[in-house]
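> no sequence for this one, just the structure:
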């Protein structure tokens, strides 16, 4: 527990619990089965590896959730959001208030984005990705609520509440074989 004036780098370590810290610079969390919980992250957080949990944090910088089977749950994000890489990651029950895209993914597959509260400029952007599940989110943004660009085949969008914005759900540029 404490204030870390530098960065936190845990690239290949497993089963660690990082809790109750104020971290000023970049967090690099790799390895497997690590828990990053109850921290204040003032810069970017990058999660790779597998089965890592990012929960109950206050996040100022952007979270990049890569690797596989990682989860971001119950966090508060402002003003940055979440970028998804890898596959089979879960974004659940977060509060995201952002000036850019709240959740974005590019060239990924099989993520679950559910039960989040999103406000700000853009909602959820799915670009050249497929087999994503987007369900039960409350989205109030100025731009698009949920937008798919490219061959986003097999994405399921259901049960979302979208208010405001230029459009609720957009299927653009060769988006096909999705369920809305």
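Here it is on my side, so go on. Note that the structure is predicted; figures quoted are calculated from it, not measured.
> residues contacting the residue positioned nearest the centre of the chain?
Geometric centre of the chain, nearest residue: residue 82, 3.4 Å, by Cα atoms, centre = their mean. Contacts for residue 82 (Cβ atoms under 8 Å, 6 or more residues apart in numbering) come out as 62-65, 72, 91, 94, 96, 102-104. (Each C-beta comes from the backbone N, C-alpha and C, glycine too.)
> from residue 50, how far off is it?
18 Å (Cβ to Cβ, to the nearest Å).
> could you do residue 78 as well?
28 Å.
> equivalent analysis for residue 149, please.
28 Å.
> for residue 111, same thing?
From residue 111 to residue 50 the distance is 14 Å (Cβ to Cβ).
> over to residue 180?
31 Å.
> what of residue 154?
23 Å.
> and if you look at residue 146?
27 Å.
> more neighbours, the two?
residue 146 (28 against 17; other Cβ atoms under 10 Å).
> in what helix or strand does that one lie?
With secondary structure defined by DSSP states H and E, residue 146 is part of strand 144-149.
> and that strand, which strands flank it?
strand 117-127 (parallel), strand 167-172 (parallel) (DSSP bridges).
> which members of the contacts of residue 82 occur in helices, if any?
Among the contacts of residue 82, the subset assigned to helices under DSSP state H is empty.
> now neighbour count, pLDDT and distance to residue 27 too, for those residues, in TSV please.
As requested, the contacts of residue 82 are arranged in TSV below (neighbours: other Cβ atoms under 10 Å; pLDDT from 0 to 100; distance: Cβ to Cβ, whole Å):
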residue	neighbour count	pLDDT	distance to residue 27
62	20	94	11
63	26	96	9
64	17	96	10
65	25	95	12
72	29	98	13
91	29	98	17
94	27	98	17
96	28	98	18
102	30	97	20
103	30	98	19
104	21	96	19
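> could you dump the residues you listed to CSV with distance to residue 140?
Compiled in CSV, the contacts of residue 82 are given as follows (distance: Cβ to Cβ, whole Å):
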residue, distance to residue 140
62, 20
63, 21
64, 24
65, 23
72, 20
91, 17
94, 15
96, 11
102, 10
103, 14
104, 18
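> list the contacts of residue 113.
Contacts of residue 113 (Cβ under 8 Å, 6+ apart): 90-92, 103, 124, 132-135, 137.
> okay, now the sheet partners of the host helix or strand of it, with direction.
Assigned by DSSP H and E, residue 113 belongs to strand 112-114. Partners of strand 112-114 in the sheet, by DSSP bridges, are strand 90-92 (parallel), strand 133-135 (parallel).
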